[in-house]
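[1] Sharing a model that was predicted from the sequence below.
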Amino acid sequence: MSKSLTAVDLFCGGGGLSEGFRQAGVEITHAVDIDEGACETHRLNHPETEVIEADVCDIEPEDLPSDIDLLIGSPPCSEFSWAKQGGGGDIDEGMRLVKRFLYFVAELDPDYWVMENVPRLDNYLPEHVEYADIPWLDREGSLDLEKHILDGDDYGTPQRRSRLFSGQFPCPEPSDEPVFSFGEIREHFPRPTDSPAPESTITDPNYDIELQENELTDHFYNSHVTNREAEEIRRRKEDHSFYGKMSFPDDPDVPSRTVLATNRRVARETLVMEEETAPDGLSRFRKPTIREIATIQGFPITYQFTGTSQAQKWRRVGDAVPPTMAFHLAQAIQRDAGVDVAEQPEVSQECPPIETNLNDRDTSWKGRRSLSIARNFRHHVPLDNKQAFRVDVETDKDATPERPTAADIDDAVAHPVEYGVILYRGYSSDVVSKPISLPEATEFVESMVSQHPDLAAQVASCLDGFVTELGPNIPDCTTLQAIRSRRHERDEPLEFDLLSTISAYDGSGVVDSAFPKDEYESVTVSLPEVFDGTDLPVRVLMKTVGAAYLSVKLNHCAKWLRTHPEDAYLSDEDAITAAAFESAPCRFDDSRVAESNDYDCVDEWVDDQLQSMVMQAGGKIPAESD
């Protein structure tokens, strides 16, 4: 019963699997990974292990011990992950690395083996694998394997993290011990923007170890986001075009969501904590620190991560298998093997020295760092939840209209992108889409007034609202992109505010005033030319018109430039001057509408089209206020 098990860790990363098995008393003799930084982290925390920095495809089984009890590993999961390009990873490449792991299983023939990956691999990995399907093997034989999808919070990990564990091993029973919630992890640590108190100690939430606060690494730094970033994250979480609603900030009363390997500042997946106060110029919302995220992943507070930046350290943490899960796997294998079973994890009480400690760093400056002025944008006008239609405003980098300027300026600069409108119908894989121009949207309105002449006055009021309420706040495209890319002094989510002016969830938008949701949500217009015939809800129709008006104003209209020349964004390369903006005519020019060149401004064209269609229906137009 005194025998301890030995193991080799392939695709070891920063050592999550190794750490959990080591805590249970398993001897990790060798570990292999291609990533230099991951190998450095593994060596630092596991000096007793021989770490081989190499591509697993470039070494052979004879390079490793032949008498091991266990083979463990986690082939890179990004190709199978839904988080990568919406599930568009290279499956063949992912399976090549999985089969390389199986090759080592076949050649080393351990008593037990465990391979971790994302649950999606379950769709591609059979329970019976012939040697003939594994490259590098030229003999007959096969492998039988079991597959179990395990949840981190069932095995001592304060995180809702589902992972597929495949191989030959006994599946551990879920633990009955409670795990910490996302909010409890935050409350367990000192506030990152405070200075560590040398006389205070901190107890590890997951392990029975303590450190002085001033020994705690990678925690005391500013990870707050700007107000604009906070609003952008909120919109992506609470109002995403395709996926379900997420909490903003993240729900503090449940275990954390899955920690990803990428540390994006502004994304739907960004983990967000809320503090009571905000540093100067920043919001009260922040991302977890490296130490907090490592704790959520089940690493001890003494475990150290190499790297010179927050992004590098975050990848070491996010790529790892939670040691808390690995510990329970090791216990189950020990019981089955008839060796001593670890009752409690054995954890290092001291921190190995690291070259780069993030304490005292300020990462909030990244929220002010300039992004590409051609930065993509896609978001929808606020939705009517019962309808299968969505109106998106999005950018096209391949179309760059000339920026509206005075006619005598020869060096007119093109916008970095062009904004356009896409109308979507349907859900998931059944969704269909159609680009919509302003002339096409106006034709929709003509059909609407023809079919519902009693709505002519509301149509008139709605379009007048676009011109008077939405129009004055629409900058030119280059200025909006400068705001979005942090090149402008304005730090606000203007693009989302513009969409909410068209329609808002609180009912304050232009469309909402003219066509209240509770009265008009079920009223439709028959449009035979759209999606091979569809009944489009009138509220969606008017949102489409508002979005098309918004995009044309962004791309072509100089009215805002004339009234806000001091706010216009001028890059160093621009030959355009603020004085030129003051007399700049609009360059509204849509080849699909021949008479469009007769108008100095898109507002004039909208007013004219509106008057024609509504007067034909016997409606009345509000007095022009522009």
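    On my side now, so go ahead.
[2] Only C-alpha atoms from now on, for both contacts and neighbour counts.
    OK.
[3] pLDDT below threshold where in the stretch 201-350 of the chain?
    For the stretch 201-350 of the chain, the stretches with pLDDT under 70 are 242.
[4] quick one, strands of it?
    201-203, 210-212, 273-274, 285-286 (DSSP state E, counting those that start in this stretch).
[5] next one: the stretch 401-550 of the chain
    Using DSSP E, counting those that start in this stretch, strands in the stretch 401-550 of the chain cover 418-425, 432-436, 524-527, 534-537.
[6] Test my guess that Pro135 contacts Lys99.
    Yes - counting by C-alpha atoms under 8 Å, Pro135 does reach Lys99; the two are 7.4 Å apart.
[7] So what's the residue count around Cys557?
    30 (other C-alpha atoms under 10 Å).
[8] doesn't Trp605 make contact with it?
    No - contact status for Cys557 versus Trp605: not in contact, 11.7 Å apart, counting by C-alpha under 8 Å.
[9] who has more neighbours, Pro135 and Lys99?
    Counted by other C-alpha under 10 Å, Pro135 and Lys99 do not tie: Lys99 has more neighbours, with 20 against 12.
[10] Got phi/psi on the more buried one?
    phi -70, psi -30 (degrees, to the nearest 10).
[11] residue contacts, the residue lying closest to it once chain neighbours are set aside?
    Leaving aside its sequence neighbours, Lys99 sits nearest to Ile134 (C-alpha to C-alpha, 6 or more residues apart in numbering; 5.8 Å). By C-alpha atoms under 8 Å, 6 or more residues apart in numbering, the contact set of Ile134 is 99-100, 102-103.
[12] sorry, back to before: what would the strands of the stretch 401-550 of the chain look like in TSV with mean pLDDT, mean neighbour count and distance to Leu271?
    As requested, those are exported to TSV (pLDDT from 0 to 100; neighbours: other C-alpha atoms under 10 Å; distance: least, C-alpha to C-alpha, whole Å):
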stretch	mean pLDDT	mean neighbour count	distance to Leu271
strand 418-425	96	22	29
strand 432-436	95	15	31
strand 524-527	95	18	40
strand 534-537	93	17	36
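[13] Kindly indicate which of the contacts of Ile134 lies nearest Gln334.
    Closest approach to Gln334 among the contacts of Ile134 (C-alpha to C-alpha): Leu102, at 22.2 Å.
[14] right, and Leu211 touches Thr201 too?
    Yes - when contacts are counted by C-alpha under 8 Å, Leu211 is listed as touching Thr201 (5.5 Å).
[15] Tell me what Glu116 is bridged to.
    Phe165 (DSSP bridges).
[16] what residue ranges in this protein score low on pLDDT?
    In the chain, residues with pLDDT under 70: 1-2, 78-90, 242, 386, 405-412, 572-579, 587-600, 609-626.
[17] 80 instead?
    1-3, 77-94, 240-244, 363-368, 385-387, 404-413, 428-429, 571-602, 604-626 (pLDDT under 80).
[18] What residue spans form the domains of it?
    Domain assignment for the chain by automatic domain parsing gives 6-177+315-337, 378-616.
[19] Quick one: closest of those to Lys245.
    Closest among the domains of the chain, using C-alpha to C-alpha: domain 378-616, at 11.9 Å.
[20] how many neighbours does Asp122 have?
    Neighbours of Asp122 (other C-alpha under 10 Å): 18.
[21] Please apply the same query to Glu127.
    13.
[22] what do you get for the one 4 residues further on?
    For Tyr131, the number of neighbouring residues by other C-alpha under 10 Å comes to 19.
[23] what does Glu394 give?
    Using other C-alpha under 10 Å, the number of residues around Glu394 comes to 18.
[24] Which strand residues bridge it?
    Beta-bridge partners recorded for Glu394 (DSSP bridges): Arg378, Gly420.
[25] so, if you compare the contacts of Ile134, which one comes nearest to Leu143?
    For the contacts of Ile134, the nearest to Leu143 is Leu102 (8.3 Å; C-alpha to C-alpha).
[26] State the distance from the closest residue to that closest one other than its chain neighbours to Tyr103.
    Nearest non-adjacent residue to Leu102, counting by C-alpha to C-alpha, 6+ apart: Ile134, 7.5 Å away. As for Ile134, its distance to Tyr103 is 7 Å (criterion: C-alpha to C-alpha, to the nearest Å).
[27] Is the residue found closest to Asp336 once you drop the neighbours it is linked to in the chain within a helix or a strand, and which one?
    Spatially, and ignoring its direct neighbours in sequence, Asp336 is nearest to Pro170 (7.1 Å; C-alpha to C-alpha, 6+ apart). Following DSSP states H and E, one finds Pro170 outside all helices and strands.
[28] Contacts only, for Pro170.
    329, 332-333, 336 are the contacts of Pro170 under C-alpha under 8 Å, 6+ apart.
[29] So among those residues, which ones count as buried?
    329, 332-333 (16 or more other C-alpha atoms under 10 Å).
[30] of all those residues, which comes closest to Val449?
    For these, the nearest to Val449 is Leu329 (67.2 Å; C-alpha to C-alpha).
[31] Let me see the contact set for the closest one.
    Leu329 touches 21, 170-172, counting by C-alpha under 8 Å, 6+ apart.
[32] what ranges do the helices span in the stretch 1-150 of the chain?
    Using DSSP state H, counting those that start in this stretch, the helices of the stretch 1-150 of the chain run over residues 16-23, 36-45, 91-108.
[33] what comes up buried for the longest one?
    To tie it back to what came earlier, the one meant is helix 91-108. So helix 91-108, judged by 16+ other C-alpha under 10 Å, has buried residues 91, 94-95, 97-106, 108.
[34] Then the shortest one?
    Within helix 16-23, the residues that count as buried by 16+ other C-alpha under 10 Å are 16-23.
[35] Stretch 204-214 too?
    204-207, 209-211, 213-214.
[36] Adding distance to Arg228 as columns, could you present the contacts of Ile134 in TSV?
    Output for the contacts of Ile134, formatted as TSV (distance: C-alpha to C-alpha, whole Å):
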residue	distance to Arg228
Lys99	45
Arg100	46
Leu102	48
Tyr103	50
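[37] Closest one of the residues you listed to Ser503?
    Once C-alpha to C-alpha is applied, the member of those that ends up nearest Ser503 is Lys99, at 51.9 Å.
[38] just checking, the closest one touches Ala132?
    No - using C-alpha under 8 Å, Lys99 is not in contact with Ala132; the gap is 11.1 Å.
[39] Span of stretch 427-440 from start to end?
    Stretch 427-440 has an end-to-end distance of 24 Å (C-alpha to C-alpha).
[40] Can you name the residues in contact with that stretch?
    Here stretch 427-440 has contacts from 242, 388, 420-426, 530-531, 544-545, 548-549, 552, 592-593, using C-alpha under 8 Å, 6+ apart.
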